[in-house]
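Student: Quick one, structure for this:
(one chain, ligands or ions: 1)
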Amino acid sequence: MTPGLHPTLPKALIALCAFALASASFGVAHADDQKPGFFKKLFGGGSKTETPAPAPEPEKKPAAKPKPEPEKTATKKPTSSKPPRVIITTTGGKKVEIGKKSTPSKTTAKTATPKPAPKEEPVKDVTRSASRDNDSPMKGEFKELDDDKTPSAEASKSVEVLPANGGWEIVKIGGRDYVTAESIRNFYNPVYGFTTFRIQGTHFWLGSSKLILKAQIGSQEMLINNIKFILSFPVAEHNGKVLFSRLDLCKLIDPVLYPSHIQNAEFFDTVVVDAGHGGHDAGARGVYGYEKDFALKMSMAVRAALIQRGFKVILTRSTDTFITLGGRVAIANQTPKSIFLSFHFNSGGAAATGIETWALTPQSAAATISRGGGYNVNGVTGNKQDSANIALATAVHASVISRFKFVDRGIKRAQWSVLTGCKRPGILFEGGFVTNGAECQLVASETYRQQVSAAIGDAVLNYRKALESAMMGKR
Ligand SMILES: [Zn+2]
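Tutor: Coordinates of the predicted model:
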């Protein structure tokens, strides 16, 4: 179904994201119905909580971990009544060196596997400006890139600065559209009242009392209020201007910064809670038990937390049984007025730790990791919920990260099978590494699971509240 647009939707951005710049009308910005403080709420913001030391559980037999099987179900591209002037091209991602902040694990390297793979190279060397505004400097958290890894060390394929359209400054690099950070600041300024806009070396800061966005040229990592997001394309630069891909603007930055105007937002009162694996599929073998068992226990705790908060809950499994990935998706799709939360635990080297949350890869972007389904060429069923997916991921991830002392591995992209075919807003949450002794000890603790479940329950409430005005009239 294609619900009508909300009357107060920011026309300029819709036009931009519908690839019809000609009709963009910049300056009207967002309606002033933005609820103050919603952003902090959406992102959690609770104080750090200490968790008790759990009693270890007995070790069990190892089992093979299933591989994700991306499904290719074609969906329609966004359409517009106006002829498109600029089209986002389907160029593959590439491996980038990132400034690691809090992820000691080696598995954090971002490897993208493009399918059509037209080669793309970063923007050519440009003079970087120092601080733009006379605002107070903010503390940097990214490490400097090595000289030989900066984008400036490589030559650009082609750079074309398009005339400003509807207030958006667009720079086309190697066929891909980027928007300047200035455009983004100007567009969201009525909502956030930015006081800081700063570029120093490769580091970029955009800040106000409500929001601090940090990014680094050449990196796919972006922090918003210290929550880590993995962009689909590295931040670029041209003529001293910091550039974000248009796809990341439309598919990540906008729904996260402005969730109350997400299109297609549907009211929900039910949560489909999916415990990963089960039966002969044990999932990862942890130090104190199997992923399938922890996922089931976690799901039961989340169920209780959600019921306590007034939601109806459907479990894809409530016992140690095997359900196909398609079967899980079918349950979500058959449940009206619902969202979908899939719970898993991670495996890796003994040192790997942290929380990560997955949202479906947008069309024309690559997965964050090589085994994440690669490049999403044609779009899949779940892409209908792109904006809701990333907002839900943000709400859940931020709520957990802000309350517990976990390594933040970020909000990432992949075409996991339970997400590709899902018609409801959905995410896959990896609640820690069971292959790490200390983290598995936590996961094995009932108290810990209850605390994380409470954070997730609050996140679902916050998500619904953040999208409330977008959901109006759809009950
Ligand atoms: Zn799993």
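
Student: Please name the nearest non-neighbouring residue to the residue of the chain at minimum distance from the ion.
Tutor: Closest residue of the chain to the ion, C-beta to the ion: H344 (3.4 Å). For every residue, glycine as well, the C-beta is placed using N, CA and C. Ranked by C-beta to C-beta, 6 or more residues apart in numbering and with sequence neighbours excluded, the top spatial neighbour of H344 is G276, at 4.0 Å.

Student: What values do phi and psi take at the residue of the chain closest to the ion?
Tutor: phi -140, psi 170 (degrees, to the nearest 10).

Student: quick one: it from N436, how far?
Tutor: For H344, the distance to N436 (C-beta to C-beta, to the nearest Å) stands at 15 Å.

Student: Flag every residue of the stretch 151-300 of the chain that's near the ion.
Tutor: Contact residues (C-beta under 5 Å from the ion) of the stretch 151-300 of the chain with the ion: G276, G283.

Student: if we go to 6 Å?
Tutor: When proximity is defined as C-beta under 6 Å from the ion, the stretch 151-300 of the chain approaches the ion at G276, H277, G283, E291.

Student: Which of those residues ranks first by neighbour count?
Tutor: The most crowded member of those, judged by other C-beta atoms under 10 Å, is E291 (31 neighbours).

Student: Quick check: beta-bridge partners of the residue of the chain closest to the ion?
Tutor: Beta-bridge pairing for H344 (DSSP bridges): E430.

Student: Could I get the contacting residues of it?
Tutor: Applying C-beta atoms under 8 Å, 6 or more residues apart in numbering to H344 gives the contacts G276, H277, G283, E291, A295, L428, F429, E430, G431.

Student: repeat that with 10 Å
Tutor: 65, 274-277, 283-284, 291-292, 294-295, 298, 356, 358, 416, 418, 428-432, 434 (C-beta atoms under 10 Å, 6 or more residues apart in numbering).

Student: Please check these and keep the buried ones.
Tutor: Among the contacts of H344, the ones that count as buried by 16 or more other C-beta atoms under 10 Å are 274-277, 283-284, 291-292, 294-295, 298, 356, 358, 416, 418, 428-432, 434.

Student: can I see the domain layout of this structure?
Tutor: Using automatic domain parsing, the domain ranges for the chain come out as 84-261, 270-471.

Student: from the ones you listed, which stretch is densest packed?
Tutor: Counting by mean count of other C-beta atoms under 10 Å, domain 270-471 has the highest mean neighbour count of the domains of the chain, with a mean of 22.

Student: Identify the single longest helix in the protein, thanks.
Tutor: Using DSSP state H, we find that the single longest helix of the chain is helix 446-466.

Student: which is the next helix or strand following that helix?
Tutor: helix 468-471 (DSSP states H and E).

Student: Output the contacting helices and strands for that next one.
Tutor: helix 386-403 (3 or more C-beta pairs under 10 Å, 6 or more residues apart in numbering; DSSP states H and E).

Student: just the angle between the next helix or strand after the helix it packs on and helix 386-403, please?
Tutor: Where DSSP H and E defines the elements, the next helix or strand beyond helix 386-403 is strand 408-414. In terms of direction (axes from the mean of the first three to the mean of the last three C-alpha atoms, to 10 degrees), strand 408-414 departs from helix 386-403 by 160 degrees.

Student: which other helices and strands contact strand 408-414?
Tutor: Against strand 408-414 (3+ C-beta pairs under 10 Å, 6+ apart) you get strand 221-224, strand 227-230, strand 355-360, helix 386-403, strand 426-433.

Student: what are the pairing partners of the first one, and which direction each?
Tutor: Partner strands and pairing direction for strand 221-224 (DSSP bridges) are strand 212-216 (antiparallel), strand 227-230 (antiparallel).

Student: Could I get the ones you listed in CSV, plus columns for distance to P190 and mean pLDDT?
Tutor: Formatted as CSV, those follow (distance: least, C-beta to C-beta, whole Å; pLDDT from 0 to 100):
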stretch, distance to P190, mean pLDDT
strand 212-216, 16, 97
strand 227-230, 23, 97
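
Student: My guess is W416 contacts E356. True?
Tutor: No. The criterion here is C-beta atoms under 10 Å, and W416 misses it with E356 at 11.9 Å.

Student: tell me, what's touching these two both at once?
Tutor: Both W416 and E356 are in contact with H344, L428, where contact means C-beta under 10 Å, 6+ apart.

Student: In three-state terms, how would A295 be classified?
Tutor: helix (DSSP: H, G, I helix; E, B strand; the rest coil).

Student: I'd assumed G431 was in contact with it.
Tutor: Yes. Counting by C-beta under 10 Å, A295 does reach G431; the two are 8.4 Å apart.

Student: Between the two, which contacts overlap?
Tutor: Counting by C-beta under 10 Å, 6+ apart, the contacts common to A295 and G431 are F343, H344, F345, V443.

Student: any idea how far the third one lies from I170?
Tutor: Same thing as F345. The gap separating F345 from I170 is 42 Å, by C-beta to C-beta.

Student: now do the second one
Tutor: When C-beta to C-beta is applied, the distance between H344 and I170 equals 38 Å.

Student: What of the last one?
Tutor: Relative to I170, V443 is positioned 45 Å away (criterion: C-beta to C-beta).

Student: With R246 instead?
Tutor: As judged by C-beta to C-beta, R246 and I170 stand 7 Å apart.

Student: do the same with E356
Tutor: Distance from E356 to I170, by C-beta to C-beta: 32 Å.

Student: Repeat that for G437.
Tutor: 50 Å.

Student: Same check on V272?
Tutor: Taking C-beta to C-beta, one finds V272 at 39 Å from I170.
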